[in-house]
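J.: I need the structure of the sequence given here:
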Amino acid sequence: MAVAALVLAAGLPASASAPPDRPHHARPWVKLCLTLKRMPGHRHIRCNYPPTPRRERAAMRLAEARRTPTINEISIPTSPSTPVGITAGPDGNMWFTENYANKIGKVTTGGVFTEYSLPTADSQPAHIVTGPDGALWFTEATNNKIGKITTSGTITEYSLPTSNAYPWGITVGPDDNLWFTEIDANKIGKITTSGTITEYSLPTSNAYPALITAGPDGNLWFTQSLAAGVAKITTGGSITEYTAPSQDAMPIGITTGADGNLWYADGAGRISSVTTSGTFSEYAVTDSNSFPWGITLGPDDNVWAALQVSGDIASATTSGTISEYALPTSNSGPFQLAVGPDDNLWVTEDYIDQLAVVTP
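T.: Numbering: from 1, shown residues only. Next up is the predicted model:
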């Protein structure tokens, strides 16, 4: 694929040069959207980044404005930044990854930023979580490492045993280890806080494990975007897979809901749940081509999802009632969400190098 095409696909200006010394790799949101576009019901999904506005959404946005929560946006100092993952840190700040800028960012709830450059060029940091040791742990997708940064900014990196694994999602397990997905290696990885890594191969080939979360049953649950389902792995490494009811299902983000079920963002236009025994419920959002991606449990006990292509965020009650809200900037590319110490939802806006702060 041409360099210019990749730059545009990643939501960057055409004038931005590609980072040096790394093979070009279609970022996951590009690959999954293009895969969805080949399915009969999603041929009209817009996989150019950022997408062009759709006139048919205008009336719906006006109607939504009457019930939109308070939303503010703040610009990240570096541009292009391409923020992806975000989490609440142990220091009362929000920490996020800057996938294109090759940085880890920190922002106070008052909007003051600090940025830390990674030691290796073009590491493409993806998702981030607060570890049991009080440090922030994150994946380095193209650098094939797991990174750790202290709240004072000291960075340590750990290389994966499998080359070109493309680590992506990361979470803390009930065993106080960090668990992460390896998209291209088709594995789930585990790393202790001292840096010992164990990997587990998935039963289904090319499943594309995307994001991972700790479940209410003491297992780790993760999505298998190209296997149309979710799976769980015990802390001992035993894996069970569950297939979603819809044939076009593309589970991406996943979180534990207030009802004790696992909730996931389905790129095919749904916010869905699955019980720990494997029973699914699927709920459609307004636009089947809105490309739901990240998801988290909100301070109001609803799950909140980022609708990447439509530029909206959505909340779903445990009974499946969905409300959708337009972000202030069109085509912002909302990606991931996290609850901050201020009880607001913080959202990475991937296309425009901003963070949105949502008061439900």
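
J.: Do you have the strands of the stretch 151-300 of the chain handy? List them.
T.: Applying DSSP state E, counting those that start in this stretch to the stretch 151-300 of the chain gives strands spanning 155-159, 167-172, 178-182, 187-191, 197-201, 209-214, 220-224, 229-233, 239-243, 251-256, 262-266, 270-274, 280-284, 292-297.

J.: Adjacent strands (with direction) for the third one?
T.: Take DSSP bridges as the rule and strand 178-182 pairs in its sheet with strand 167-172 (antiparallel), strand 187-191 (antiparallel).

J.: Make a markdown table out of those strands and add mean neighbour count, distance to G253 and mean pLDDT.
T.: C-beta here means a position set from N, CA and C on the backbone, and glycine is covered the same way. Converted to a markdown table, those look like this (neighbours: other CB atoms under 10 Å; distance: least, CB to CB, whole Å; pLDDT from 0 to 100):
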| stretch | mean neighbour count | distance to G253 | mean pLDDT |
| --- | --- | --- | --- |
| strand 167-172 | 24 | 8 | 98 |
| strand 187-191 | 22 | 16 | 98 |
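
J.: contact partners of stretch 148-166?
T.: For stretch 148-166, the external contacting residues (CB atoms under 8 Å, 6 or more residues apart in numbering) are 25, 89-91, 93, 95, 104, 114, 116, 118-120, 131, 134-138, 140-147, 167, 182-185, 187, 189, 191, 195, 197, 199.

J.: Pull out the buried positions in the helix of greatest length in the chain.
T.: Identified as the longest helix of the chain according to DSSP state H is helix 28-37. Residues of helix 28-37 classed as buried: P28, W29, V30, K31, L32, C33, T35, L36 (neighbour count, 16 or more other CB atoms under 10 Å).

J.: ok, those vs G110, which is closest?
T.: When the buried residues of helix 28-37 are ranked by distance to G110 (CB to CB), W29 comes first, at 29.8 Å.

J.: how about the longest helix of the chain as PDB, C-alpha atoms only?
T.: C-alpha atoms of helix 28-37 as PDB (Å, rounded to 0.1, in the frame of the first residue of the first chain):
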ATOM      1  CA  PRO A  28      -6.400  -2.000  13.200                       C
ATOM      2  CA  TRP A  29      -9.300   0.500  12.800                       C
ATOM      3  CA  VAL A  30      -8.400   0.700   9.100                       C
ATOM      4  CA  LYS A  31      -8.200  -3.000   8.600                       C
ATOM      5  CA  LEU A  32     -11.400  -3.900  10.400                       C
ATOM      6  CA  CYS A  33     -13.400  -1.200   8.700                       C
ATOM      7  CA  LEU A  34     -12.200  -2.300   5.200                       C
ATOM      8  CA  THR A  35     -13.100  -5.900   6.200                       C
ATOM      9  CA  LEU A  36     -16.600  -4.800   7.300                       C
ATOM     10  CA  LYS A  37     -17.000  -2.900   4.000                       C
END
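
J.: sorry, back to before: and the contacts of stretch 148-166, which are buried?
T.: Among the contacts of stretch 148-166, the ones that count as buried by 16+ other CB under 10 Å are 25, 89, 91, 93, 95, 104, 116, 118, 120, 131, 135-138, 140-147, 167, 182-185, 187, 189, 191, 197, 199.

J.: how about the closest residue to K232 other than its chain neighbours, what does it touch?
T.: Distances taken as CB to CB, 6 or more residues apart in numbering put N219 closest to K232, at 4.3 Å, once the chain neighbours are dropped. By CB under 8 Å, 6+ apart, the contact set of N219 is K232, I233, T234, T235, T276.

J.: Pick out the most distant pair among the residues you listed.
T.: T235 and T276 (14.9 Å).

J.: Among the contacts of N219, which one is most surrounded by other residues?
T.: Comparing the contacts of N219 by number of neighbours (other CB atoms under 10 Å), I233 comes first, having 23 neighbours.

J.: So it is in contact with F222, correct?
T.: Yes: between I233 and F222 there is a contact at 7.1 Å, judged by CB atoms under 8 Å.

J.: which residues sit in contact with the nearest residue to D217 once chain neighbours are set aside?
T.: Nearest residue to D217, sequence neighbours excluded (CB to CB, 6+ apart): T276, at 4.4 Å. By CB under 8 Å, 6+ apart, the residues touching T276 are G215, P216, D217, N219, K232, G260, N261, L262.

J.: residues in contact with the host helix or strand of F96?
T.: Using DSSP states H and E, F96 sits within strand 94-98. Strand 94-98 is contacted from outside by 76, 78, 81-89, 103-109, 115, 125-128, 130, 136, 138, 149, 338, 340, 346, 348, 355, using CB under 8 Å, 6+ apart.

J.: Beyond it, next helix or strand please.
T.: Helices and strands here follow DSSP H and E; after strand 94-98, the next one along the chain is strand 103-107.

J.: mean confidence for that next one?
T.: Averaged across strand 103-107, pLDDT comes to 98.

J.: Tell me where the stretch 1-150 of the chain has strands.
T.: In the stretch 1-150 of the chain, the segments counted as strands under DSSP E, counting those that start in this stretch are 70-75, 83-88, 94-98, 103-107, 113-117, 125-130, 136-140, 145-149.

J.: Let me have the ones you listed in JSON lines, adding distance to L327 as columns.
T.: Supplementary listing: the strands of the stretch 1-150 of the chain in JSON lines, determined by distance: least, CB to CB, whole Å:
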{"stretch": "strand 70-75", "distance to L327": "6"}
{"stretch": "strand 83-88", "distance to L327": "14"}
{"stretch": "strand 94-98", "distance to L327": "16"}
{"stretch": "strand 103-107", "distance to L327": "17"}
{"stretch": "strand 113-117", "distance to L327": "20"}
{"stretch": "strand 125-130", "distance to L327": "21"}
{"stretch": "strand 136-140", "distance to L327": "24"}
{"stretch": "strand 145-149", "distance to L327": "28"}
